[in-house]
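Trainee: Provided below are the primary sequence and the corresponding predicted coordinates.
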Amino acid sequence: MRAFSLFRLLPAGILMCSACLVFPIENAAAQIISGKPVLRSYENELTLLRTDLRADVREIMRTNFVLPQDQAEEFWPIYVKYEAESGAIWDEKHALIKEYVGKRERLSDDDAQDIMDDLFDLDDRTTKLRRRYFRIIKREVSATVALRFMQLDRRVNSLVEIQLAHDIPLAK
């Protein structure tokens, strides 16, 4: 039996994206655990990452999610709607991260509770969005296409979450 390798499972476009997002980091695990931020200007870096990421994700999807013409005609309009709704959730997450970074030095227990409640809410909304669009894609295209899309979407989002986990300093 072959050993599990995440990189063997990732399509080439996602692997290249992950290299751009993850590999410039030195001693990432130690920095994540210590809570020392790698980026001096986190807010600027996050804004750049967010802007570049939307274009990159769209390109990764177009490059790695090739469908027969009849399925593509059904899928891509659905994807555009999903992307807009997902982007709105990411915008809220971006605002929450900015709030956290701004309060990090003087974070109260109430602030910590509010931030986590908001984060849990965003996670729940993301799961509900994925479930809804899985059903829509399954109905309009096929369950197999819906599954493959969700796999690719989750992989891309996991890479983003890894980068965010690396860059966001731990609470004091």
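Mentor: Received the coordinates, thanks. Numbers count the residues shown, from 1 in each chain.

Trainee: CA only for contacts and neighbour counts going forward, please
Mentor: OK.

Trainee: do you know how far Glu59 is from Leu107?
Mentor: 38 Å (Cα to Cα, to the nearest Å).

Trainee: what's the mean pLDDT across the biggest helix by length in the chain?
Mentor: Using DSSP state H to define each element, the chain has its longest helix at helix 69-103. Across helix 69-103, pLDDT averages out at 93.

Trainee: next one: stretch 124-135
Mentor: Rounded mean pLDDT across stretch 124-135 is 98.

Trainee: follow-up on the earlier one: report all helices and strands that the longest helix of the chain contacts.
Mentor: For helix 69-103, the packing partners by 3 or more Cα pairs under 8 Å, 6 or more residues apart in numbering; DSSP states H and E come out as helix 109-140.

Trainee: now do the helix it packs on against helix 69-103, angle only.
Mentor: Orientation of helix 109-140 against helix 69-103 (axes from the mean of the first three to the mean of the last three Cα atoms, to 10 degrees) gives an angle of 180 degrees.

Trainee: hmm, Val137 is touching Ile78, no?
Mentor: Check again: residue 137 is Ile, not Val. Yes: using Cα atoms under 8 Å, Ile137 is in contact with Ile78, at 7.3 Å.

Trainee: ok, those two, which is more surrounded?
Mentor: Neighbours per residue, other Cα atoms under 10 Å: of Ile137 and Ile78, the larger number sits with Ile137, 23 against 16.

Trainee: mind pulling up the pLDDT for Met61?
Mentor: In the predicted model, Met61 carries a pLDDT score of 84.

Trainee: list the contacts for it?
Mentor: By Cα atoms under 8 Å, 6 or more residues apart in numbering, Met61 lies in contact with Leu152.

Trainee: so which helix or strand takes in it?
Mentor: helix 42-64 (DSSP states H and E).

Trainee: mind checking which helix or strand Leu152 is in?
Mentor: Per DSSP H and E, Leu152 falls inside helix 143-167.

Trainee: which parts of that helix are buried?
Mentor: Of the residues in helix 143-167, 145-146, 149-150, 152, 155-156, 159-160, 163-167 count as buried by neighbour count, 16 or more other Cα atoms under 10 Å.

Trainee: export these to a markdown table and tack on pLDDT and distance to Asn64?
Mentor: What follows is those, written out as a markdown table (pLDDT from 0 to 100; distance: Cα to Cα, whole Å):
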| residue | pLDDT | distance to Asn64 |
| --- | --- | --- |
| Val145 | 97 | 12 |
| Ala146 | 97 | 14 |
| Phe149 | 95 | 10 |
| Met150 | 96 | 13 |
| Leu152 | 92 | 8 |
| Arg155 | 90 | 12 |
| Val156 | 87 | 11 |
| Leu159 | 83 | 16 |
| Val160 | 81 | 17 |
| Gln163 | 80 | 21 |
| Leu164 | 80 | 23 |
| Ala165 | 82 | 25 |
| His166 | 82 | 26 |
| Asp167 | 80 | 27 |
